[in-house]
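# sequence unavailable; structure follows:
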């Protein structure tokens, strides 16, 4: 009888111990990245042709960003009716009518990559890009640095904003759009 009581007491203690443990202590808590200062850079440049990279604009990030942070790059595409700049998030693909016949037979795209200290903006297409100088000459880009999340992915399925909207990003990350840092292209 004493063995049965001991086994029951031991089983109850073990059950209480197991049910009181949890592995979700950090769920619901918000980790704030205090190392990253969100900021905006601007680069105005024409693309140059590099035999290894193709049509490219290179830029340096000074100071370097923190590993895990993200870059968003927007291209100045136009001005709206009230004279405000219209920024388009890249990567972006356009369909081009080279023959002026109403048929968009060619593709043109902007893309980019980055490291913690520099970035490359690429122009590519299914045709000779010199046929559309308005897409490769004197282009203006805004480079927005935003903090990465604790998981290393700022772009989760529950995005707090529409990252395609430059003004929403500036507002969400409390960036002063009047303090844009001008960059010069880096020649490799």
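Received, thanks. Keep in mind it's a predicted model, so treat the numbers as computed, not measured.
# quick check: mean pLDDT of stretch 164-176?
Stretch 164-176 shows a mean pLDDT of 94.
# name the surrounding residues that touch that stretch.
Stretch 164-176 has contacts (Cβ atoms under 8 Å, 6 or more residues apart in numbering) with 38-40, 72, 74, 87-89, 142, 144, 146-147, 160-163, 177. Quick note: C-beta positions are derived from backbone N, CA and C, even for glycine.
# show me which of these are buried.
38-40, 72, 74, 87, 89, 142, 144, 146-147, 163 (16 or more other Cβ atoms under 10 Å).
# with distance to residue 129 and secondary structure added, can I get these in CSV?
Formatted as CSV, these follow (distance: Cβ to Cβ, whole Å; DSSP: H, G, I helix; E, B strand; the rest coil):
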residue, distance to residue 129, secondary structure
38, 33, coil
39, 31, strand
40, 27, strand
72, 24, strand
74, 20, strand
87, 22, strand
89, 21, strand
142, 22, strand
144, 26, strand
146, 30, strand
147, 35, coil
163, 27, coil
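# how about those residues, which pair is most distant?
87 and 147 (20.1 Å; Cβ to Cβ).
# distance check, the residue sitting nearest the centre point of the chain against residue 43.
With distances taken as Cα atoms, centre = their mean, residue 72 lies nearest the centre of the chain, 3.4 Å away. Distance of residue 72 to residue 43, computed by Cβ to Cβ, to the nearest Å: 14 Å.
# who touches both of the two?
Jointly contacting residue 72 and residue 43 under the rule Cβ under 8 Å, 6+ apart are residue 143.
# what's the burial count for residue 110?
A total of 24 residues lie near residue 110 under the criterion other Cβ atoms under 10 Å.
# helices along this protein, start to end?
When secondary structure is read from DSSP state H, the chain shows helices at 2-20, 133-136, 166-172.
# hey, what's the closest residue to residue 37 other than its chain neighbours bridged with?
Counting by Cβ to Cβ, 6 or more residues apart in numbering, residue 37 lies nearest to residue 145, which is 7.7 Å off, once chain neighbours are set aside. With DSSP bridges as the criterion, residue 145 is bridged to residue 39, residue 71.
# please begin residue numbering at 58 from this point
Sure, I'll start counting at 58 from here, so that last one is residue 202.
# right, and the residue nearest to the centre of the chain touches residue 146 too?
Yes: using Cβ atoms under 8 Å, residue 129 is in contact with residue 146, at 6.4 Å.
# find residues that contact each of the two.
residue 220.
# how deep is the closest residue to residue 192 other than its chain neighbours tucked in, by neighbour count?
Leaving aside its chain neighbours, residue 192 sits nearest to residue 165 (5.8 Å; criterion: Cβ to Cβ, 6+ apart). Neighbourhood size, residue 165 [other Cβ under 10 Å]: 21.
# good, wrapping up.
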